[in-house]
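> From the sequence below, what's the structure:
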Amino acid sequence: MLTKARPPKAARGRTKAVRHFLDLDQFEPATLRRIVDMAHAMKRAGRRVPKEYRPKNIDDAILVMIFEKPSTRTRLSFDIAMRQLGGQPIALNHSDLQTGRGEPVSDTAKVLSRYADAIMLRSNSHATLLEYATHATIPVVNGLTDFSHPCQIVADIVTFEESKGPIKGRKISWVGDGNNVAVSWMHAAVKFGFTLNLACPPQLNPEKSVMDWVRREGGDVTLTDDADAAVKGSDCVVTDTWVSMGQTDAPRRKQLLGPYAVDDALMKRAAKDAVFMHCLPAYRGHEVSASVIDGPQSVVFDEAENRLHAQKAILAWCLGV
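Alright, predicted model coming up:
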């Protein structure tokens, strides 16, 4: 007697909407608040994930991690997060996939959906991320694109709240390139209800569409080219590297961003108990002075650690918690 083969676990139970984690602007504030609170709880619990935050059927769950760009914190934090939740990660570089030889992303997304339970993508292009999400029937997580970096901001909010208490109503200052991390800070300002001042050279402002979205949503976000004004009275000063992977105009960028270096004089413009954040890797003597990043106001290594706890919370939410 013939019997129907049972579909692989990753292909079953698709009646509910797939929980992608793509960009913060797509979420209700309560959902993001819950993810951040889960990350706090994950950290308090250490390596042992609280029972209420452990996804069902996690023991044989697989996370496929795709890296089109090199990575330290994203790769390790997602790998260890999946292991601590109870599942297993598999890491692939772009050259490991047939997409590098012309296979459509749509086909790859459909195949991975038959093998695995979630996909984390660190991509050169946001369009690639969206294509994976369109065709995958399992959760897709934005591990970084050229447009945004939402997982980083979850970790940053956890870090801020450890040091300063609830972020709602507080003042954050971004100094430097209006890049992908800045975009996700703009999304977060709206969703978590804090003030965000961005100081960027006009040639490197965030995309106008993001600022337009902030205005439509009533967000308290100010864009200026004056770093001193942006940082004044801030509870937290954030910056990032001046030249990201793949950018080829380093001399021009360094010239534009020179006046936006975070040094002791700029930090003194912030509140006396302000903290300094940087998602790393950092280049001392360029975007930040050694005295700031290695000084008492810096929380950059707490921030790096909290990537692990943020990833656990994000994966747990994607997998149904």
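> low pLDDT regions in this structure?
Filtered on pLDDT under 70, the chain yields the residue ranges 1-15, 100, 245-246.
> quick one: the strands in it?
62-67, 88-93, 118-122, 140-144, 171-175, 195-199, 221-224, 236-239, 275-278 (DSSP state E).
> For the second one, name the packing helices and strands.
Right, the one you point to is strand 88-93. In terms of contacts (3 or more Cβ pairs under 8 Å, 6 or more residues apart in numbering; DSSP states H and E), strand 88-93 is packed against strand 62-67, helix 73-85. (Glycine included, C-beta is placed from N, CA and C.)
> can you list the strands of the chain in CSV and add distance to Thr99 and mean neighbour count?
Converted to CSV, the strands of the chain look like this (distance: least, Cβ to Cβ, whole Å; neighbours: other Cβ atoms under 10 Å):
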stretch, distance to Thr99, mean neighbour count
strand 62-67, 9, 22
strand 88-93, 10, 16
strand 118-122, 11, 27
strand 140-144, 14, 27
strand 171-175, 33, 26
strand 195-199, 34, 23
strand 221-224, 36, 18
strand 236-239, 33, 27
strand 275-278, 32, 25
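> TSV for those, including distance to Pro150?
Shown next, in TSV, are the strands of the chain (distance: least, Cβ to Cβ, whole Å):
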stretch	distance to Pro150
strand 62-67	16
strand 88-93	19
strand 118-122	12
strand 140-144	6
strand 171-175	15
strand 195-199	15
strand 221-224	16
strand 236-239	15
strand 275-278	15
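> Could you name the stretch from the ones you listed that's closest to Met211?
The closest of the strands of the chain to Met211 is strand 221-224. By Cβ to Cβ, the value is 6.3 Å.
> Please identify which of the helices and strands packed on strand 88-93 is closest to Val275.
Closest of the helices and strands packed on strand 88-93 to Val275 is helix 73-85, at 18.5 Å (criterion: Cβ to Cβ).
> quick one, the closest one and strand 118-122 angle?
Going by axes from the mean of the first three to the mean of the last three Cα atoms, to 10 degrees, helix 73-85 is angled at 160 degrees with respect to strand 118-122.
> all numbers from here: first residue = 39
From this message on, residue numbering opens at 39, which makes the last subject helix 111-123.
> which residues touch helix 111-123?
85-87, 92-93, 96, 99, 101, 103, 105, 126-127, 129, 158, 160, 179, 181-182, 189, 317-318, 342, 345-350, 353-354, 357 (Cβ atoms under 8 Å, 6 or more residues apart in numbering).
> Distance to Gln335 for the helices and strands packed on strand 126-131 - can I get that in a markdown table?
A markdown table is the format used below for the helices and strands packed on strand 126-131 (distance: least, Cβ to Cβ, whole Å):
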| stretch | distance to Gln335 |
| --- | --- |
| strand 100-105 | 32 |
| helix 111-123 | 21 |
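> quick one: which of the ones you listed is nearest Arg71?
So among the helices and strands packed on strand 126-131, helix 111-123 is nearest, using Cβ to Cβ, at 19.8 Å.
> export the closest one as CSV, just CAs?
Output of helix 111-123 as CSV, limited to C-alpha atoms (Å, rounded to 0.1, in the frame of the first residue of the first chain):
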residue,chain,number,x,y,z
ARG,A,111,29.4,40.0,15.4
THR,A,112,26.5,39.2,13.1
ARG,A,113,27.9,35.7,12.2
LEU,A,114,28.9,34.8,15.8
SER,A,115,25.8,36.2,17.5
PHE,A,116,23.3,34.5,15.2
ASP,A,117,25.3,31.2,15.3
ILE,A,118,25.5,31.1,19.1
ALA,A,119,21.9,32.5,19.5
MET,A,120,20.5,29.6,17.5
ARG,A,121,22.5,27.0,19.4
GLN,A,122,21.5,28.5,22.8
LEU,A,123,17.8,28.4,21.7
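> so where do the helices sit in this protein?
Taking DSSP state H as the test, the helices found in the chain are 67-83, 111-123, 143-153, 164-173, 188-202, 218-230, 246-255, 265-269, 288-295, 302-305, 328-331, 338-356.
> what's the closest of the helices and strands packed on strand 126-131 to Val248?
Nearest of the helices and strands packed on strand 126-131 (Cβ to Cβ): helix 111-123, 21.9 Å.
> Could you point out which of the strands of the chain sits nearest Ala288?
Minimum separation from Ala288 across these (Cβ to Cβ) falls at strand 274-277, 16.7 Å.
> ok, residues contacting that closest one?
Applying Cβ under 8 Å, 6+ apart, the set of residues contacting strand 274-277 from outside is 194, 198, 202, 208-214, 219, 223, 269, 298, 300, 304-305, 308, 312-316, 325-326.
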